[in-house]
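Enquirer: prediction below, plus the sequence it came from.
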Number of protein chains: 2
Amino acid sequence: MAATKKIEDEELMRRLALVFQSHGYEGASLATISQATGLKKPSLYHRFPRGKEQMAEEVLRHAGEWIDRNLLDPLRAPASPRQRAELFATRIGSLYHRGKDSCLLNLLSVTKSEDNPFAGMIHETFRRLSRSLSQVARDAGADPKDARLRAEEVLIAIQGALVLSRGIGSTAPFRRMQKKIPDLLVASRREDR
Amino acid sequence: MAATKKIEDEELMRRLALVFQSHGYEGASLATISQATGLKKPSLYHRFPRGKEQMAEEVLRHAGEWIDRNLLDPLRAPASPRQRAELFATRIGSLYHRGKDSCLLNLLSVTKSEDNPFAGMIHETFRRLSRSLSQVARDAGADPKDARLRAEEVLIAIQGALVLSRGIGSTAPFRRMQKKIPDLLVASRREDR
DNA sequence: GCCACTATACCGAACGATCGGTATGGTTGC
DNA sequence: GCAACCATACCGATCGTTCGGTATAGTGGC
């Protein structure tokens, strides 16, 4: 150990995430990041030797861990499928500040470079979400294929509601979608397809 | 009355749209745009005196007109609500190249500046889409409030499917969502809310 | 038909500003 | 003393933008 950190890792990650998810990867300049974190550029390079790309990577990793702990673990808790789906819905609300924030997975999937450096991590995070969600649907009686489709529907609803809410400057669509998550995942359906 | 254009307005708009929707606003550098259009940077300023921001504005306006002509007008055509919804679904598919492209409304709602210069146009486009979609739901028998919610659901499904498809590198979610659009908009529902 | 003029379209070169990234050296806490 | 941490100052490259100038094409006067 040595000189005290000016900002703790946890808080640093939170602020970095906020910058990336409000301006995107290219839009988040080191000047902006420096101002948001209180660390000058050399200090940022002390914390992230590989620079801006590493910052985004670790923010993505940190978000992935938050998702594992606060979204996916509860989906496997010993409770009824509906209870688990409802807890998931409330947690989704706090993750995105009830619709005010954007999703890192969406914003970081757009970069200037032809092949996105974060594509792998983004893909994998969506996959983990999908698997855990579909397991809940299976526990509620859905067959494997229907369960996978329900998980996909939930992910689509979340991402779409975030995009629309930002697009129209109102969190109402997100809040309406949030209430529908449990039914999308575990409610039985009429056979009218 | 002048020298011949190296690239016609229509084709220019199409290429600009492609650049913005694959790299985002900040990610679309003038160097990239120049390469994609075949016009050097000064020539771009001849076409768009106010620079990059004007390019994005006009691309957005051009896309809005395409939507009005190819998506919204058919929604008011003299056909059954379901037929109109189905035509809408196929047109959505061609707009986004069956899920391969991203949505300009999503990508251009992220910029480095604090207040997005395109927010107004994006908001307005979503609003026009919502109004026309909800009218179809009303024609199918939905009451005004339910119709508005159905329109919102369709917009959420489209945006969410595009985000997810890009995130996992597969157009399967988009294609599945596309098939569901007519039912979301005009199918009668079980009363289990 | 021919020349002078104007308008449009385009581009090489360079602008100041900002980009991401670093070399150097001081300060802090063990 | 020493390692961790951070700031001043600076780097080359690229950003969006602009200047000066050329090529093309239609117009009006004669």
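Expert: Cool, got the structure.
Enquirer: can I get the helix or strand containing A:Phe126 in CSV, CA atoms only?
Expert: With the criterion set as DSSP states H and E, the secondary-structure element containing A:Phe126 is helix A:119-139. Taking C-alpha atoms only, helix A:119-139 is exported to CSV below (Å, rounded to 0.1, in the frame of the first residue of the first chain):
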residue,chain,number,x,y,z
ALA,A,119,-18.8,-7.3,-29.1
GLY,A,120,-17.7,-10.5,-27.4
MET,A,121,-18.5,-9.2,-23.9
ILE,A,122,-21.8,-7.8,-25.0
HIS,A,123,-22.8,-11.0,-26.7
GLU,A,124,-21.9,-13.0,-23.7
THR,A,125,-23.8,-10.8,-21.3
PHE,A,126,-26.9,-11.0,-23.4
ARG,A,127,-26.4,-14.8,-23.5
ARG,A,128,-26.1,-15.1,-19.7
LEU,A,129,-29.3,-13.0,-19.2
SER,A,130,-31.1,-15.1,-21.8
ARG,A,131,-30.2,-18.4,-20.2
SER,A,132,-31.1,-17.4,-16.7
LEU,A,133,-34.4,-15.8,-17.8
SER,A,134,-35.4,-18.9,-19.8
GLN,A,135,-34.7,-21.1,-16.8
VAL,A,136,-37.4,-19.2,-14.9
ALA,A,137,-39.8,-19.7,-17.7
ARG,A,138,-39.1,-23.4,-17.7
ASP,A,139,-39.6,-23.5,-14.0
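Enquirer: okay, buried residues for stretch A:21-35 please.
Expert: Taking 16 or more other CB atoms under 10 Å in any protein chain shown as the basis for neighbour counts, the residues of stretch A:21-35 that come out buried are A:Gln21, A:Ser22, A:His23, A:Gly24, A:Tyr25, A:Glu26, A:Gly27, A:Ala28, A:Ile33, A:Ser34. Using the backbone N, CA and C atoms, a C-beta is placed for each residue, glycine as well.
Enquirer: in helices, which of the residues you listed appear?
Expert: Secondary structure from DSSP state H places A:Gln21, A:Ser22, A:His23, A:Gly24, A:Tyr25, A:Glu26, A:Gly27, A:Ile33, A:Ser34 of the buried residues of stretch A:21-35 in helices.
Enquirer: so who does the fifth one touch?
Expert: Contact criterion CB atoms under 8 Å, 6 or more residues apart in numbering or on different chains gives A:Lys52, A:Ala56, A:Leu107, A:Leu108, A:Val110, A:Thr111, A:Phe118, B:Gly27 as the residues in contact with A:Tyr25.
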